[in-house]
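A.B. asks: Dropping a prediction and its sequence here:
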Amino acid sequence: MTRSILAAIALASGVLAAAPSQAQERVEAGVLRCDVAGGTGFIFGSTKQLNCIYESNTGLTQAYTGNIRKFGVDIGATADSVIVWGVLAPTTDVPPDTLRGTYDGISAEATAGVGIGANALIGGNSESIVLQPLSIQAQSGLNIAAGLTSIELVPAM
């Protein structure tokens with residue numbers, strides 16, 4: 001288990017290091033903060049609900065809902081968690097609903113009591129948005145996960 005946790009942490013570090021190279025042609029447009037429902041991983045993956053708030057650098061605030069799906073190794077249970085991403089876009093003037101869509105990337109998490117995770121994702125309405133981790137995901141429980149991650153966001157009603 002210790003080797004698995006170390007491998008997940010190494011993968012998380014690699015995700016964080018690789019994300020800026022994808023984002024160099026984009027500018028910071030705002031911040032997306034998501035509350036993630038707790039749940040249990042079932043070896044080959046998991047699905048958890050998201051409630052998110054996007055705050056643009058121009059003052060726009062939008063609520064989104066959706067889910068985060070993980071494919072790969074995902075074993076154990078976690079409590080509710082929070083993920084904060086920097087939203088990188090071709091311009092700082094991001095129209096409403098631009099974050100609607102699917103985002104894909106790789107992620108890694110290791111939790112034994114209190115743990116960390118990282119998710120760098122690309123997608124959105126026109127595949128032009130990058131979600132780059134601003135802070136390492138904080139969560140509690142007993143879990144290890146590494147693999148592909150997909151997030152679906154829709155405007156909250």
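C.D. replies: Looks like it arrived, so ask away.
A.B. asks: So what does residue 96 look like in phi/psi?
C.D. replies: phi -50, psi 150 (degrees, to the nearest 10).
A.B. asks: Can you show me the strands along this protein?
C.D. replies: Taking DSSP state E, the strands of the chain run over residues 27-36, 39-56, 61-78, 81-89, 101-123, 129-155.
A.B. asks: Compute the number of surrounding residues for residue 45.
C.D. replies: Using other Cβ atoms under 10 Å, residue 45 has 17 neighbouring residues. (Glycine included, C-beta is placed from N, CA and C.)
A.B. asks: quick one: it from residue 29, how far?
C.D. replies: Separation of residue 45 from residue 29 (Cβ to Cβ, to the nearest Å): 30 Å.
A.B. asks: Can you give me the buried ones in stretch 54-73?
C.D. replies: By 16 or more other Cβ atoms under 10 Å, the buried positions in stretch 54-73 come out as 54, 56, 62, 64, 66, 67, 68, 69, 70, 72, 73.
A.B. asks: List the residue ranges of the protein that fall below the pLDDT cut-off.
C.D. replies: In the prediction, the chain carries residues with pLDDT under 70 at positions 1-24, 40-44, 72-79, 108-119, 135-146.
A.B. asks: circling back to that earlier point, out of the buried residues of stretch 54-73, which comes closest to residue 25?
C.D. replies: Closest to residue 25 out of these is residue 56 (19.0 Å), distances taken as Cβ to Cβ.
A.B. asks: Bridge partners for the closest one, pull those for me.
C.D. replies: residue 30 (DSSP bridges).
A.B. asks: any idea how far residue 91 is from it?
C.D. replies: Here residue 56 is placed at a distance of 11 Å from residue 91 (Cβ to Cβ).
A.B. asks: again, but for residue 129
C.D. replies: Where residue 91 is concerned, residue 129 sits at a distance of 11 Å (Cβ to Cβ).
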